[in-house]
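[1] task: produce atomic coordinates for the following.
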Amino acid sequence: MKTLKKISAVVAALALTAGMCINVFAATAGWTDYLGFDGKKGHTWYEAADGKVTNITESGWQADLKQIGWGGIWGAQMYRKIDVVKGKKYHITCKLKSSDCNKWVFIKVSTKEDFAFGKWVWLTKGTETTVDEVFTAEANADQITFGFGGEYGDREATDGNKHYAYAGGAKAIAAKKDADGDSGPHDKTFTTITCSGYSLTEDGAQPAGGTTTAATGTASTTTTTVATGDFAPIACGAAAIIAAATIVVFARKREND
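    Take a look at the predicted model:
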């Protein structure tokens, strides 16, 4: 009977921990969102995007924008922590899509404004676009950011953002937008931006143990996953210990009673 109670306690602890971990991962999966005019605390930038981020997973997310805004690309963002080292090569892959309008997205790998890598991606309405690129880090970086706010190429003179350098200047961004279709009135245009299949790995590295792991969908490249700074597994392990201890204590108390 005592053995059965102990087994029951362990099973209950594992079930409780699994539930806790699922909730943690479902809530963030390592990503943080910023929609500058979505009503959350501090999000009062009326020129920014408005909407809600849903379907967050380790490899992607979905941003349902009620308006894309007109404050530039940073009016809507999704970002996460990474660990990129200057001079090393990295492989970034993902699939991006805008449902209801043509849209610029800027991918920024950096530590604040110290860029390791930057890339502009033009999304044609309703068409999924694949990003699959190897780059050499120009600097150490602790964050990757996807910017997808209303981008009209009119911010270069006012804020001097370095990201325009990756497109040849703000005028080049505006020219592409004008040539291939304006996204419409900045305060009325809505769309859903989706990101899937996200991966950022060190290119050609050999992990501990002397074996290599092939990058997803890339047969010829050996990679190791870039650290993301997500300590959720450690937290879940601690939760398991606490849960098990608590349940065993109650089981013993009940037995003594």
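[2] per-residue confidence at the closest residue in space to Gln77 that isn't next to it in sequence?
    In space, and not counting its chain neighbours, Gln77 is closest to Tyr34: 4.4 Å by Cβ to Cβ, 6 or more residues apart in numbering. No exception for glycine: its C-beta is placed from N, CA and C like everyone else's. Listed pLDDT for Tyr34 reads 97.
[3] now do the SS call for Tyr34.
    strand (DSSP: H, G, I helix; E, B strand; the rest coil).
[4] that one contacts Tyr79, correct?
    Yes: the criterion here is Cβ atoms under 8 Å, and Tyr34 meets it with Tyr79 at 7.5 Å.
[5] out of these two, which sits in the busier spot?
    In this view Tyr34 and Tyr79 are compared by other Cβ atoms under 10 Å, and Tyr34 has more residues nearby, 21 against 16.
[6] distance check, the more buried one against Ala49.
    The gap separating Tyr34 from Ala49 is 9 Å, by Cβ to Cβ, to the nearest Å.
[7] go on, Thr136?
    Distance of Thr136 to Ala49, computed by Cβ to Cβ: 32 Å.
[8] more neighbours: which of the two?
    Ala49 (32 against 12).
[9] so who does the more buried one touch?
    35-38, 63, 65, 67-69, 75-76, 148-150 (Cβ atoms under 8 Å, 6 or more residues apart in numbering).
[10] between the residues you listed, which is closest to Pro185?
    Gln67 (8.9 Å; Cβ to Cβ).
[11] quick one: the closest one and Gly149 touch, right?
    No: with contact defined as Cβ under 8 Å, Gln67 does not reach Gly149; the gap is 9.9 Å.
[12] settle it for me: which of the two has more neighbours?
    Set Gln67 next to Gly149 and count neighbours by other Cβ under 10 Å: Gly149 wins out with 29 against 22.
[13] that one and Met78 touch, don't they?
    No: in this structure Gly149 lies outside contact range of Met78 using Cβ under 8 Å: 11.3 Å.
[14] name the SS class of Ala29, please.
    Ala29 is classified as coil under three-state DSSP.
[15] ok, Lys171 next?
    Quick answer, by three-state DSSP: Lys171 is helix.
[16] give me the nearest residue to it, chain neighbours excluded.
    Spatial nearest neighbour of Lys171, excluding adjacent residues (Cβ to Cβ, 6+ apart): Gly153 at 6.3 Å.
[17] residues contacting the one you found?
    164, 170-175, 177.
[18] likewise for Gln62?
    53-56, 192-195.
[19] same question for Lys108.
    Residues near Lys108 by Cβ under 8 Å, 6+ apart: 115, 117-118, 144-147, 163.
[20] quick check: bridge partners of Trp122?
    Listed beta-bridge partners, Trp122: Trp104 (assigned using DSSP bridges).
[21] if I look at it, how far off is Gly168?
    13 Å.
[22] likewise Lys95?
    25 Å.
[23] who has more neighbours, these two?
    A direct count of neighbours by other Cβ under 10 Å for Lys95 and Gly168 places Lys95 higher, at 16 against 11.
[24] what pairs with that one across the strands?
    Under the criterion used (DSSP bridges), Lys95 bridges to Thr130, Ser196.
[25] quick check: it touching Asp132?
    No: the criterion here is Cβ under 8 Å, and Lys95 misses it with Asp132 at 9.3 Å.
[26] report how many residues lie close to Ala139.
    Ala139, neighbours per other Cβ under 10 Å, totals 15.
[27] wait, doesn't it sit right on Val85?
    No: Ala139 is beyond contact range of Val85, at 9.3 Å (criterion: Cβ under 8 Å).
[28] just the helices from the stretch 1-150 of the chain, written as ranges.
    Along the stretch 1-150 of the chain, the segments classed as helices by DSSP state H, counting those that start in this stretch run 2-27.
[29] I am finished for the moment; much appreciated.
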